[in-house]
Structure formats: C-alpha cells, structure tokens
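K.L.:
here is a sequence together with a model predicted from it:
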Amino acid sequence: MERKKRVVRSAICAALIAAMLVPLLPGAYAGSTAQAKTDSISYLNTVFTKKLYLNTKKIGFKSDGLRTTDNAQTVKKVYKLLANMQLQADRNTGTNQKQKEVSVILYKKNGSKKTYTFYGNRMRAGSQEFLILKNHPVAQIEKMFEPQTSGAVAKADYPKTAQYPDEAHFTNANGQFDEAGYSKAYDAWWDGVRSRSERTGYADGMDAFLEKSAKQFLSDAKNQNRIYSPLNVYMALGMLAELTNGNSRQQILDLLGSKDLESLRGQVSDLWNANYVNDGRTTSILAASLWMDQDVNYLPSTLQTLAKNYYASSYQGKMGSGAFNKELQNWLNEQTGGLLKQQASQMELNPQTVMALATTIYFRAKWKDEFLNADTKEDVFHADTADITCEFMHRNKFAGTCYEGERFRAVSQSLEGTGDMWLILPDQGVTPDELLNDPQAVKFFVSKDKYEWQDKKQVWVNLAVPKFDVSSMFELKDGLMALGVTDVFDAKASDFSPMTTDTDGLFVSRTDHAARVSVDEKGVEAAAYTVISADATGLLLADDEIDFILDRPFLFVVTGSDGLPLFTGIVNQP
C-alpha cells in the first residue's frame, strides 16, 4: 500500500511539473538573415512566468537603467536562464549579503519595472527572499550583459600574400645561409607580384571618374589641405550600387563608367587584387564592411555578393548604441593603422540609421632612394595666407625626368615595391585650384600612364620637399550630387530594394570621407576611409639641371604599382 501511495504521489508531482512547463515559441529575432529553429523556455518556478516574459519590453543590468537591452535574443537567453531556476522561499532574513550582487531589472511594456537581485545562492525580489537550489545565474548573467560585439553575418575571405623573404631568417647561428630556402620563398613572393601585374584592362573607362571626381573634391579647398582617395571612394560607390536599384543604381554606374553590375563587379575585384599588398615589404591594405541595424531583415544574397566581389564583411547590431559605434570606430582604426584615430572617433551612427557601408585603404611604403636626415633643413614655405617655416628634405643633383605642361611641372619619387609619389608644382602665379580647372593638368594629374607624357626631358634634379603630415575630413554629398548621383539622397526617389524590403523611404544621410598622408625621410604613410550611411526616411643622363623647390602650395599623387592614383591632394600648409 505504501509503495502504491509513493507511486501515486510521484505521478501527481510529475503531472504538476508537466503542467508548469509552458512553451514559448519565438521566431527568428529581428534582423536575422536566417530563420532560427523553434525553441522553448520551461518555467520551473512561479517568479518568472510566461505572462511576465510576454509583457517585458527590455531588461537592465545592475543599477537602474544601466546597460539595458531590448535585443530579442538576449532577452530570451536571460529569461530561459531565470525561468529554469529552482527556487525555495528563504525565511533566513539575516543572511550575510556582503557577497557580490547582480540586479536584473525587467522593464514592462506598461512602463512599470521589477528588480531581482542575486547574491551567492540567494535571490531577493521586493520583500521576498529565495534560496536558489539549482542553476545559480550570477556569472552567466554578467557574461550575457558584457558589451557585445555585433554578429558577423557575412565574412570576407581575404587572399593570402606571400611574404618578402628576410635574409636574416635564412641565416643560422653559425652564419650559414640557406640559399635554397631563400630562393623558394623569393620565388613565391615574386609569383604574387607577377600575378598582380598581369591583370590588365580593368582600369579601362575609369578616366572620366578619376578626372571629374578629383576636380570636384579637391577644388575650392580655401587655403586648407585637402586629401582625396579616388580608389577608396570608387569602392564605396561600387558597394552603394549593389545596394540600390533602378535610377539610383544607374546614376552611380554612369559616374563610375560601368555599363552594368557584372562589369562593375569584375572591375572592382581586379582593382582590389591589383592594389592589395601586405607582403612585409609594401603595405597597401583595402577593406570594406557593411553595418546593419539588428531590427531590419536583409537579403542574404546581397551580403554574399558584397563578400565575394568587394571583400566586405557584414555586421549587425543595435544601431546608434555606444557599443555598435565603438565597434565601427575600432574597425576603422584597425584597417587604417590608427592613422585616422581622431577622425574615426567622430564617426557615430544614429538610431535612425538603417545601414552604413565603409571602405578603407592603408598604405605604407619606403622611398626607393631615401632622403638623408643630414640634408633636412628649415626653410620657408610661402602659403597664400602667410609664410611658414618648416623642415625641407633635400636630394641634390640626381638623374630624373621633368614632366611639363602649359602651367605646371612635375617630378616623381619611386617607392620601394610599388608605385610612385608625383609632385606637381603650379607655375609661379598659378594656384592649385586653377590647375584643377585646367583640362591638360587634370589629365596628367589622374593619368595612370604619366611616364608616357609627351612633354618631358631628362635632367639633373635638385629636389626640396617640405616634410608634411596633412589630413582632411569632408562630406561627399554635394560633390556627388554635382556629379549626377542624386536619387540616393532623396527618400522619395531612392531605391534600396536589393538590400532590404523592410523599410521604405531609405535615403543616404551622410557621406564621410577622411584621409591623411604623411611624408618624411623614410617614405610615405597614408590612409583613407569612406562611410556612407542610409537612414530611413633606367634614366639617360642629361646636361640640363633644374631646381624643383616646393615652397608654395602644390599638388601630389600617390600611385600604386599599376599606376592608378591611390591618394591625391593639395598641400596649402605643410
């Protein structure tokens, strides 16, 4: 009989427990690009009920209002943890509470809130105390509420670059040199250089974009330094074309000189691979990313296209939050070598932003023939506003080529393992702005075939270049509109359907472009980023000798190994 009673009691307990297992069947959280599998939460206590879960708007951690979240996945995880605890009323009110406390605040949809404080194996809710018999949650709750990085929805697969071999690595302690090992490593590195140089034809049709955009974004600098990276902006606009449709896309394709998306993708991929170098000798790193609001559904096929053709990784998070903004800033800093840290710290997305795309370029190369520190001397730079005393680097009487136009002269300095830095000096009395409105000068300025310029001569060059570290940050919107890209800035005319169908009236609200170029005796270091945000609503010796003294405002171009301009700029104040 006693055994039968125990069986009956067990059956009743099992039935009661089963009745308390209330399933909750949420779908994929907002912003997920794939449907999550059906999940359930089992309630093993009466403190955290299904009704309370369904009426919870957001949850907070520790002090009132601090680090709250309304992310559906985080709310579900915390509730699942709390609801599965086994509790027992605790009448020992004199418990020592010097242990670490963690408070979870549930904000209800009607505006009220309820606080649950955990310490050790106890929980306090108002005047009630509970013993936690199973599933002590303190450490897990803290972990859930640590500042989270956004989820990477799609990741770009970057190519591997064979490293330039360092002879020291092939020399043992006895001074013996591993010639076979070194040759093998050198051949692998050289194969990479050759494969990049073998890409041809991809820059065809870009001349119009380079000429029009350089003139548009460098003109009217008003005695300030202005730096513009054509390649960086080209990549950003290419991504923007992928995210738009209809006339919005066509205007961008027209500016970029591409007949359709397929040709643009091929061109962008070749441009990227021809200019991406990270081999220990030359650094030219391109990167791209897409930042998306967690509450909007995006089309996965578009994200995969960006990852494949633009090497762009995509991230989702709470738009406008401090954590998401910090992650974007960290990404910009990481990809630009920290060279634009000050500018990146100002890059914040607001809660109305639905998505933002970012492209970066970081470049570092040594001069093929370095300037000697001993030859660096102070001299005067004649700016339009005032004379400035600064340090000038000198190279005297070296064999070079002088390229001449009707209103300018230019010389180049070769960079080790990559392209050149071109120094373009307007004639006396001619300003850089006037030169940017001279078709002949602009043609030379953006040409990838400057060595083929007809008017040139072999000379001995006495070069004086001011050491400079110049940067600028400006909006691209007015310039892009002047160049014919208008619909993306108009909520009524823009078409972002390839990216998302969740939100109507998307329009580009911000177009930030920041760049910095630093030149010293060793070489050139430069970086640029573009962030576009969309809101809802061997020389022959010569007899001639010239002095090429850059002691007044001048222009410069830094080219990659394929001759395309990576950075262009005006130096008004070194």
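P.N.:
Perfect, thanks for sending it. All figures in this text were calculated on a predicted structure; none of them were measured in a lab.
K.L.:
kindly list the longest strand within this structure.
P.N.:
Ranked by residue count under DSSP state E, the longest strand found in the chain is strand 387-404.
K.L.:
beyond that one, next helix or strand please.
P.N.:
strand 408-414 (DSSP states H and E).
K.L.:
how distant is stretch 390-398 from the center of its chain?
P.N.:
36 Å (Cα atoms, centre = their mean, to the nearest Å).
K.L.:
distance of Ile570 from Ser345?
P.N.:
From Ile570 across to Ser345, the span is 25 Å (Cβ to Cβ, to the nearest Å). Any C-beta I mention is one placed from the backbone N, CA and C, and that applies to glycine too.
K.L.:
what do you get for Val296?
P.N.:
The value you get for Val296 to Ser345, if Cβ to Cβ is used, is 26 Å.
K.L.:
neighbour-wise, which of these two wins?
P.N.:
The residue with more neighbours, out of Val296 and Ser345, is Val296; 19 against 13, by other Cβ atoms under 10 Å.
K.L.:
now the more buried one. Nearest residue, chain neighbours left out?
P.N.:
Asp502 (4.8 Å; Cβ to Cβ, 6 or more residues apart in numbering).
K.L.:
where does that neighbour sit: helix, strand or coil?
P.N.:
coil (DSSP: H, G, I helix; E, B strand; the rest coil).
K.L.:
from Tyr315, how far out is it?
P.N.:
17 Å.
K.L.:
neighbour count winner among these two?
P.N.:
Tyr315 (20 against 15).
K.L.:
and the helix or strand hosting the more buried one, how far out from the chain middle?
P.N.:
Using DSSP H and E, Tyr315 maps to strand 312-317. Put simply, strand 312-317 sits 10 Å off its chain's centre (Cα atoms, centre = their mean).
K.L.:
now do stretch 314-323
P.N.:
Worked out by Cα atoms, centre = their mean, stretch 314-323 lies 14 Å from the chain centre.
K.L.:
kindly report the same for stretch 109-117.
P.N.:
39 Å.
K.L.:
tell me which residues in that stretch are buried?
P.N.:
Lys113, Tyr116, Thr117 (16 or more other Cβ atoms under 10 Å).
K.L.:
which of those fall in strands?
P.N.:
Lys113, Tyr116, Thr117.
K.L.:
tell me the first helix or strand C-terminal of the strand holding Tyr315.
P.N.:
Following strand 312-317 toward the C-terminus (DSSP H and E): helix 322-335.
K.L.:
what sits up against that next one?
P.N.:
Taking Cβ atoms under 8 Å, 6 or more residues apart in numbering as the criterion, the residues outside helix 322-335 that touch it are 147-150, 285, 287, 289, 291, 315, 317-318, 340-341, 344-345, 347-349, 356, 358, 360, 362, 529, 531.
K.L.:
pLDDT weak spots in the stretch 301-450 of the chain?
P.N.:
Applying pLDDT under 70 to the stretch 301-450 of the chain picks out no residues at all.
K.L.:
let me see the residues that make contact with stretch 175-189.
P.N.:
Against stretch 175-189 from outside (Cβ under 8 Å, 6+ apart): Ala162, Gln163, Tyr164, Pro165, Glu167, Phe170, Thr171, Asn172, Asp279.
K.L.:
switch the cut-off to 6 Å
P.N.:
With Cβ atoms under 6 Å, 6 or more residues apart in numbering as the test, stretch 175-189 has contacts from Ala162, Tyr164, Pro165, Phe170, Thr171.
K.L.:
please apply the same query to stretch 488-499.
P.N.:
Counting by Cβ under 6 Å, 6+ apart, residues outside stretch 488-499 touching it are Leu243, Thr244, Asn245, Gly246, Ser248, Thr302, Asp487, Gly505, Leu506, Phe507, Val508, Thr537.
K.L.:
for stretch 373-384, same thing?
P.N.:
223, 387-394, 466, 521, 551-552, 572-574.
K.L.:
residues contacting Thr282?
P.N.:
Thr282 touches Ala365, Gly417, Thr418, counting by Cβ under 6 Å, 6+ apart.
K.L.:
show me the strands in the stretch 201-350 of the chain, by range?
P.N.:
Counting by DSSP state E, counting those that start in this stretch, the stretch 201-350 of the chain has strands at residues 226-228, 277-278, 283-293, 312-317.
K.L.:
can you put those strands in TSV and add distance to Val557?
P.N.:
Formatted as TSV, the strands of the stretch 201-350 of the chain follow (distance: least, Cβ to Cβ, whole Å):
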stretch	distance to Val557
strand 226-228	10
strand 277-278	18
strand 283-293	15
strand 312-317	26
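K.L.:
nearest to Met473, out of those strands?
P.N.:
Ranking those by proximity to Met473 (Cβ to Cβ) places strand 226-228 first, at 9.1 Å.
K.L.:
what helices and strands are in contact with that closest one?
P.N.:
Applying 3 or more Cβ pairs under 6 Å, 6 or more residues apart in numbering; DSSP states H and E, one finds that strand 226-228 contacts helix 207-218, strand 565-571.
K.L.:
let's see 8 Å
P.N.:
Packing partners of strand 226-228 (3 or more Cβ pairs under 8 Å, 6 or more residues apart in numbering; DSSP states H and E): helix 207-218, strand 468-475, strand 507-519, strand 565-571.
K.L.:
and the strand holding Tyr315, what other elements does it pack with?
P.N.:
Against strand 312-317 (3+ Cβ pairs under 8 Å, 6+ apart) you get strand 151-154, strand 283-293, helix 300-309, helix 322-335.
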